[in-house]
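Novice: Below is the sequence, then the predicted model.
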Amino acid sequence: MANSFDEAAKNKWKSYFLMFIFSLIIIALGYVFGMVYGKGNSGIIIAFMVLAFCIAIVMGLISYYWGDKAALSISKARPATRKDHAYLINTVEGLAIAAGIPKPAIYVLPDQSINAFATGRNPEHASIAVTEGALKKLNRQELEGVIAHEMSHVKNYDMLLMTITVILVGLIVLLSDIFLRSLFFRGDDRDRDGGNWIFLLIGIALAILAPIIAELIKLAISRKREYAADATGAILNRNPQGLANALKKIQKDSEVTKVSTKATAHMYFSNPLRKGFWNNLFSTHPPIEERIRRLEAM
């Protein structure tokens with residue numbers, strides 16, 4: 001089994017590779033936009049490609065440096081205090097020492113569901129947030145299991161990998177949506193040249209397929225990282241059953257995580273969205289039953 005150093009190194013390289021792949025998709029969208037709207041003018045085509053690439057870079061930098069602050073703000077997180085959350089703080093400090101990383105900043109979420117998330121661009125700039133519901137409903141071993149899971153995300157650079165993925169997927173969806181919507185405003189001022197219509201059709205196909213492909217890549221990466229964090233967290237905490245029991249309590253818990261959004265759902269320990277066919281189909285988390293099965297088999 002690969003150790004956490006291997007996982008961290010792999011995730012760094014995956015982050016670079018994903019940036020390259022998504023950048024190619026974004027540049028391809030820019031090229032098609034340029035062909036359709038620039039009518040073959042090479043200067044306009046290059047301008048569209050450069051603009052699309054620059055937008056991707058800016059969005060990536062914003063998410064890298066300020067994504068964690070935005071996630072904490074959206075979730076209404078407040079700093080944990082020694083007076084009210086001594087055990088939580090001690091648990092995070094102990095697991096950080098065991099993981100060999102700096103202690104993350106610790107936050108509490110005003111929510112009665114059982115959940116938690118980690119955020120930040122690297123172990124030196126990381127935060128772990130836990131819901132009030134998790135602090136009330138989980139026993140010591142279960143809470144330690146959940147925090148160990150989140151600590152694994154921090155140590156393995158999962159947050160960097162998923163932040164880059166989510167932002168670039170969102171950008172691809174946005175560019176595709178702009179392109180498709182703009183077609184309705186072109187009216188009769190369309191070039192009748194056959195070549196341009198070919199690129200128009202290619203552009204429509206790419207604008208429809210690119211977000212789907214990008215979303216599937218995101219879901220596959222996110223689900224794999226959850227399995228890996230479960231395994232690494234169980235090893236870090238030396239108690240896979242504690243983490244499995246926490247998942248069992250989440251299965252039975254009727255509370256829904258109200259402080260989450262679709263934009264932040266991928267960050268949480270368990271899927272925070274309401275159960276339903278579409279939410280389950282496009283969930284960023286693997287089935288809880290399978291997570292429990294794998295943990296109990298360790």
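Specialist: Arrived safely. Numbers count the residues shown, from 1 in each chain.
Novice: pLDDT weak spots in the stretch 1-150 of the chain?
Specialist: Scanning the stretch 1-150 of the chain for pLDDT under 70 picks out the ranges 1-12, 14-16, 18-19, 38-40.
Novice: what are the ranges of the helices in it?
Specialist: 4-38, 42-74, 82-99, 132-137, 140-155 (DSSP state H, counting those that start in this stretch).
Novice: Buried residues, the second one. List them.
Specialist: Residues 45, 48-49, 52, 56, 59-60, 63-64, 67-68, 71-72 are the ones in helix 42-74 that count as buried (16 or more other C-beta atoms under 10 Å). No exception for glycine: its C-beta is placed from N, CA and C like everyone else's.
Novice: Packing partners of that helix?
Specialist: helix 4-38, strand 116-120, strand 126-131, helix 158-183 (3 or more C-beta pairs under 8 Å, 6 or more residues apart in numbering; DSSP states H and E).
Novice: picking up where we left off before, now distance to residue 13 too, for the buried residues of helix 42-74, in CSV please.
Specialist: As requested, these are exported to CSV (distance: C-beta to C-beta, whole Å):
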residue, distance to residue 13
45, 32
48, 30
49, 26
52, 24
56, 19
59, 21
60, 17
63, 19
64, 17
67, 20
68, 22
71, 24
72, 28
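Novice: could I get the helices of the stretch 1-150 of the chain as a markdown table with distance to residue 248?
Specialist: Shown next, in a markdown table, are the helices of the stretch 1-150 of the chain (distance: least, C-beta to C-beta, whole Å):
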| stretch | distance to residue 248 |
| --- | --- |
| helix 4-38 | 26 |
| helix 42-74 | 27 |
| helix 82-99 | 20 |
| helix 132-137 | 12 |
| helix 140-155 | 9 |
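Novice: tally of neighbours for residue 83?
Specialist: When counting by other C-beta atoms under 10 Å, one arrives at 6 neighbours for residue 83.
Novice: still on that earlier bit, distance to residue 84 added to the helices and strands packed on helix 42-74, as a markdown table?
Specialist: Shown next, in a markdown table, are those (distance: least, C-beta to C-beta, whole Å):
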| stretch | distance to residue 84 |
| --- | --- |
| helix 4-38 | 31 |
| strand 116-120 | 17 |
| strand 126-131 | 12 |
| helix 158-183 | 26 |
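Novice: Of these, give the one that comes closest to residue 85.
Specialist: strand 126-131 (8.5 Å; C-beta to C-beta).
Novice: in its sheet, what does the closest one sit against?
Specialist: For strand 126-131, sheet partners with direction are given as strand 105-109 (parallel), strand 116-120 (antiparallel), following DSSP bridges.
Novice: which residues sit in contact with the nearest residue to residue 41 once chain neighbours are set aside?
Specialist: Take residue 41 and drop its neighbours on the chain: the residue closest to it by C-beta to C-beta, 6 or more residues apart in numbering is residue 34, 7.8 Å away. Contact analysis of residue 34 by C-beta atoms under 8 Å, 6 or more residues apart in numbering lists 41, 44-49.
Novice: Can you give me the first-to-last residue distance of stretch 111-120?
Specialist: End-to-end distance for stretch 111-120: 21 Å, by C-alpha to C-alpha, to the nearest Å.
Novice: Relative to residue 47, how far out is the spatially closest residue to residue 67 that is not a sequence neighbour?
Specialist: Excluding the flanking residues, the one nearest residue 67 by C-beta to C-beta, 6+ apart is residue 163, at 5.1 Å. Distance, residue 163 to residue 47, by C-beta to C-beta, to the nearest Å: 29 Å.
Novice: now swap in residue 81 and tell me
Specialist: Residue 81 is 53 Å from residue 47, by C-beta to C-beta.
Novice: Over to residue 112?
Specialist: 51 Å.
Novice: go on, residue 216?
Specialist: Look at residue 216 and residue 47: by C-beta to C-beta, they are 30 Å apart.
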